[in-house]
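Engineer: let me see the structure of the following:
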Amino acid sequence: MRTQPMQEPTRRGPDMRLVPAALAVWAVMLMGLGFGPVGGGVATAGAGVVAAIALWKGRRPWLLAAAGCAAAAGLVIVAHTLAVGLHPLRALADRGAAVTLHVVVDDDPRAVRASAYGSQTGEPSMVVVPATLTGASADDTDWTLGGSVVLLAPHEGWHGLLPGQALTAEGLLVPADRADLTIAVLRVRGPPQHVLAPPWWQGVAATLRAGLREAAAAALTPSGAGLLPGLAVGDTSVLSAKVEADFRAAGLTHLLAVSGANLAIVSGAVVGLLTLLGAGPRFAAGVGAVALVGFVVLVRPSPSVLRAGVMAAIVLLALGAGRSRAAVPALAAAVLVLLVVDPSLAVDVGFALSVTATAALVLLAPGWARRLQQRGLARWPAEALAVSVAAFVVTAPIVAGLNGELNLVAVVANLLAAPAVAPATVLGVLAALVSPLGAPVATAVAWTSTPAVWWLVFVADQAAAVPGATLPWVEGVVGALLLVGVLVVVVALARSRAVRALMIALAVGAALVLVPSRLRPPGWPPEAWSVVACDVGQGDAIVLATGVPGWAVLVDAGPEEGLVDACLRRLGVHHLAMVVLSHLHADHVGGIAGAVRGRGVGAIALGPVHEPRWALGVVRKAAADARAPLVALAKGTRLRWPALTVDVIGPVHPAGEVDAEDGAAVNDGSLVLRLGTPAGTVLLTGDAEVAAQSDLLAAGAGLQADVLKLPHHGSRSTSSAFLRAVGARTVLVSVGAGNRYGHPNLRLLGELERAGARVRRTDLSGDLAVIGGAGGLALVARGDPLPARRRRCPGVRPSGRRCVRRGRPAPRAPPSSWRARWRWGRPGRLRRRGSSGRPR
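Structural biologist: Below is the predicted model:
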């Protein structure tokens, strides 16, 4: 009897039969949401024709399945869009009616942080609350109806609501120009009314989350105390603005939101522990499922968490059971079910990122890890690298199209952060679970996460500090498709060994040339620089050389800690002889902590105006942390250093009491400094406006200077007489790209240029250095300016500089004081309260 030789089992590819159906349903949902019932009807008809042809031909069952699912999805989306379009609240929203809504909160209120020049940097001013409608009242008419609405409410009184709570809200309805099934947006007036208790499981989750926050605050540093709850249960309520900004810049923001990875980590930890203890696979899987359900309850079963739960189950199926062929059909089936249940997920960015990242984990990462291991790389680093690169490749087009930029450090940052994510998540969840046993127990558990949390904060901080880590990219669908095309071409070319070697050589050569130039551009900082206007976005930060290497004087600190710190690092400034704050608006003091951190500081100097009070508190804390005294500067004060003289020439008539809400009054209290430097005389004006400029002219102050820092970021509140009195031949404009105030005023810049002045802007040229020498005064631009920041308009559509709805400007409340209302309107004319206009 002859025996057949044993053959190695062939590796079968993933089962892709359901993928076309899932993609077709997604496309139909997009058609319906984008073009309304007509688009959904056309998609349904087209899918029906394709299904009939496939049935008649009797071939390609996958095509029949895809067309049939698409036709059914088309009927679903047509019904949904018709219901939204005919909803009674739509007509009320079109005319901005005042209504009372009865709703049930769907998800945690999301904070909208303030960014106005007078508001505290990073301070939440409003919250966005997604809710399900249960009833409405308007014009003496009551309705009992359903649908999805969004509440734009004040932070106070609304930020602590829990999902599942029923309440009543009053306000003005505005149309929801969103590509989903939101009926309208309610601009809420006042606190919530008739608030009912949340479901019991939400109360339990709130107690455990509060216990985790308290334990983290007692065991970790302030940065870590805000980060651990975010990593473990998605609670970012106490996360510091700096850590949040660092994670965003490093491409690590996804770690702060509960996703399928979080649920997979928790369930995987439970299953792995039981397996080590000898439990059978069925028992371990059952307990893992129970842990998954419990974790969903802990992080609150909002729609986003439920979606993450589905994705986590798929990841566990693929990576835990090793059945990649079963994972792809499960993913496709999950997409089909979720889209039919909630069609608005088709335009949800989080859903798209979850699906694409999960697909990368089950389709790309295993094969890439095997190839890396075949080339000699150990298993653990091969899998970690494959997962990070695969997730970045498939999600990069979505992120780039959404943000209009491509993050170059995200892969490295995620690779470095990966080892610490699982320990921090598991220990954070454990600290929350044991918190009812007592604060000492929970604090001890939270303390054990210190190394992992410290490492994540360190990685984010270092990655965010890399200059030029992001490249501008085309926004929107076009940008996403463009990057998809680039990646496809790169992957196709990389299949050839010769081309792959050439691409690697080119990448290494480009890195050797470009990376050093991005970290320290050639010729920067220039020799013998006297004054540098830092590119800190929409704000001021001016660095003055003192003539002592490593020592400088800083005038204002910009809006954010990281930006001014990076500028000082580039200039090699390790000690600040003095920090002078012209006035206390957020765009001048927001970065004070970053400026003084890690540097010796001689003193922090203030002008006569100490409003707003929150900013004074921030400055006092920074002074205490730096062990620097607070000193006062007034007109007539002179300060000297070896290569720098500072004369305080304004404000001429400092106000005693100033209304913090009156931005013009605070601006007019700015310190005005006249500098003597080796490059010539320089006039720094803070945000002094027309009234303060007139006082300087009337007092006969010595205003003539070689260099002028244009007042108030180049706004129109600068008089021609003041500019003629200064007579500067070089003008610096410290302004942020794409700011919402319309700065700088182009007519003002044109007037300066026609008078023969050289005008340079930080939003176009980056850091600007004034240098002096035998050839006279010169101006050197570093280049690489900060990109424009996209504004988010909750519930309405961003268009240009303002948020609009159906082509009309969104309503804005006028300022309270007559002086601020003068700035609100056009110069030379007072507008009455309630008039429209835009601050410049």
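
Engineer: for the stretch 651-800 of the chain, which spans come out with low pLDDT?
Structural biologist: 656, 660-661, 773-775, 787-800 (pLDDT under 70).

Engineer: if you set the cut-off to 80 instead, what comes out?
Structural biologist: 654-663, 701, 738, 740, 773-776, 783-800 (pLDDT under 80).

Engineer: which stretches of it form helices?
Structural biologist: 663-668, 690-698, 720-726, 746-754, 762-765 (DSSP state H, counting those that start in this stretch).

Engineer: hmm, residue 639 is touching residue 578, no?
Structural biologist: Yes - contact criterion CB atoms under 8 Å: residue 639 and residue 578 qualify, at 7.1 Å. For glycine as for every other residue, the C-beta is placed from the backbone atoms N, C-alpha and C.

Engineer: between those two, who's got more neighbours?
Structural biologist: The neighbour comparison of residue 639 against residue 578 (other CB atoms under 10 Å) goes to residue 578, with 22 against 18.

Engineer: spatially nearest residue to residue 206 (excluding sequence neighbours)?
Structural biologist: Distances taken as CB to CB, 6 or more residues apart in numbering put residue 162 closest to residue 206, at 6.0 Å, once the chain neighbours are dropped.

Engineer: part of a strand, is that neighbour?
Structural biologist: No - read with DSSP: H, G, I helix; E, B strand; the rest coil, residue 162 is coil and lies in no strand.

Engineer: got the contact list for it?
Structural biologist: 105, 108, 198, 202, 203, 206, 300 (CB atoms under 8 Å, 6 or more residues apart in numbering).

Engineer: overlap in contacts, residue 639 and residue 578.
Structural biologist: Going by CB under 8 Å, 6+ apart, residues that sit against residue 639 and also against residue 578 are residue 553.

Engineer: how much space separates residue 104 from residue 145?
Structural biologist: For residue 104, the distance to residue 145 (CB to CB, to the nearest Å) stands at 13 Å.

Engineer: mutual contacts of those two, please.
Structural biologist: residue 134.

Engineer: just the element for the residue nearest the centre of the chain, please.
Structural biologist: Centroid check for the chain by CA atoms, centre = their mean gives residue 248 as the closest residue, at 5.8 Å. Using DSSP states H and E, residue 248 maps to helix 241-249.

Engineer: and the strands in the stretch 401-550 of the chain?
Structural biologist: 405-407, 470-472, 529-533, 542-545 (DSSP state E, counting those that start in this stretch).

Engineer: for residue 97, find the nearest of these.
Structural biologist: strand 405-407 (39.5 Å; CB to CB).

Engineer: nearest spatial neighbour of residue 708, chain-adjacent residues omitted?
Structural biologist: residue 728 (3.6 Å).

Engineer: phi, psi of that neighbour?
Structural biologist: phi -70, psi 140 (degrees, to the nearest 10).

Engineer: go through the helices of the stretch 651-800 of the chain and pick out the most buried.
Structural biologist: Ranked by average neighbour count under the criterion mean count of other CB atoms under 10 Å, these are headed by helix 663-668 at a mean of 25.

Engineer: the helices of the stretch 651-800 of the chain: which one's closest to residue 62?
Structural biologist: Closest among the helices of the stretch 651-800 of the chain, using CB to CB: helix 762-765, at 52.3 Å.

Engineer: distance from the closest one to the middle of the chain?
Structural biologist: 22 Å (CA atoms, centre = their mean, to the nearest Å).
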